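A.B. asks: Quick one, structure for this:
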Amino acid sequence: MFKIFLEDLVVGSVETFGSYEVTRDEVIEFASKYDPQPFHLDEEMAKKSVFGTLCASGWHTCAMTMSMMVKNLMGRGTASMGSPGVEQLRWRQPVKVGEVLSVRTTVLDARPSETRPNLGLSKSLIETLNQKGEVVMDFTATMMILRRPTQS
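C.D. replies: Okay, the predicted model is just below:
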């Protein structure tokens, strides 16, 4: 089932993947449930905001990014076992309706776990890009990943 293990990760490697179109209906639906600020919900109010237009919640941008990441990891057969967390989450610029997002990952570190011999930890810079290649959000994530099973 799994094809990519800790030992397959190369520090410094960069991968870009995904395509997620930001729609008006989804921006409003997400904001209605999780971040009901006027510039996420109402186009007229958004015009009067610092953004000047309806834009996605930063948390919605996180969710769209996560969707692309999981599809990529699962599609490639990565032996991911989840994440203990992220660091330095930054929303660089607003994500507007009609933009198409993708993800760029850069492997910063990959090492065996000190306490669990079958696991490793990989730290990556995760950047969410718009269709112009501009970074709209970034964070550093640590992923728990299985080590390649040994032959017995």
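A.B. asks: Which residue ranges of this protein form helices?
C.D. replies: With helices called from DSSP state H, the chain shows them at 24-34, 38-41, 43-47, 58-76.
A.B. asks: Can you convert these into JSON lines and add a column each for mean neighbour count and distance to Asn130?
C.D. replies: Just so you know, the C-beta spots here come from the backbone N, C-alpha and C atoms, and that holds for glycine as well. Below are the helices of the chain laid out as JSON lines (neighbours: other C-beta atoms under 10 Å; distance: least, C-beta to C-beta, whole Å):
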{"stretch": "helix 24-34", "mean neighbour count": "15", "distance to Asn130": "14"}
{"stretch": "helix 38-41", "mean neighbour count": "20", "distance to Asn130": "17"}
{"stretch": "helix 43-47", "mean neighbour count": "14", "distance to Asn130": "18"}
{"stretch": "helix 58-76", "mean neighbour count": "17", "distance to Asn130": "10"}
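A.B. asks: what does stretch 142-152 rub up against?
C.D. replies: With C-beta atoms under 8 Å, 6 or more residues apart in numbering as the test, stretch 142-152 has contacts from 2, 5-9, 78-87, 112-113, 117-124.
A.B. asks: Now do Met1, the pLDDT please.
C.D. replies: The per-residue pLDDT reported for Met1 equals 79.
A.B. asks: list the contacts for the closest residue to it other than its chain neighbours?
C.D. replies: Ranked by C-beta to C-beta, 6 or more residues apart in numbering and with sequence neighbours excluded, the top spatial neighbour of Met1 is Gly77, at 6.8 Å. Contact analysis of Gly77 by C-beta under 8 Å, 6+ apart lists 1-4.
A.B. asks: shaky segments in the chain?
C.D. replies: Across the chain, the ranges flagged by pLDDT under 70 are 151-152.
A.B. asks: Let me know whether Ala56 touches Val22 as I believe.
C.D. replies: Yes: the criterion here is C-beta atoms under 8 Å, and Ala56 meets it with Val22 at 5.7 Å.
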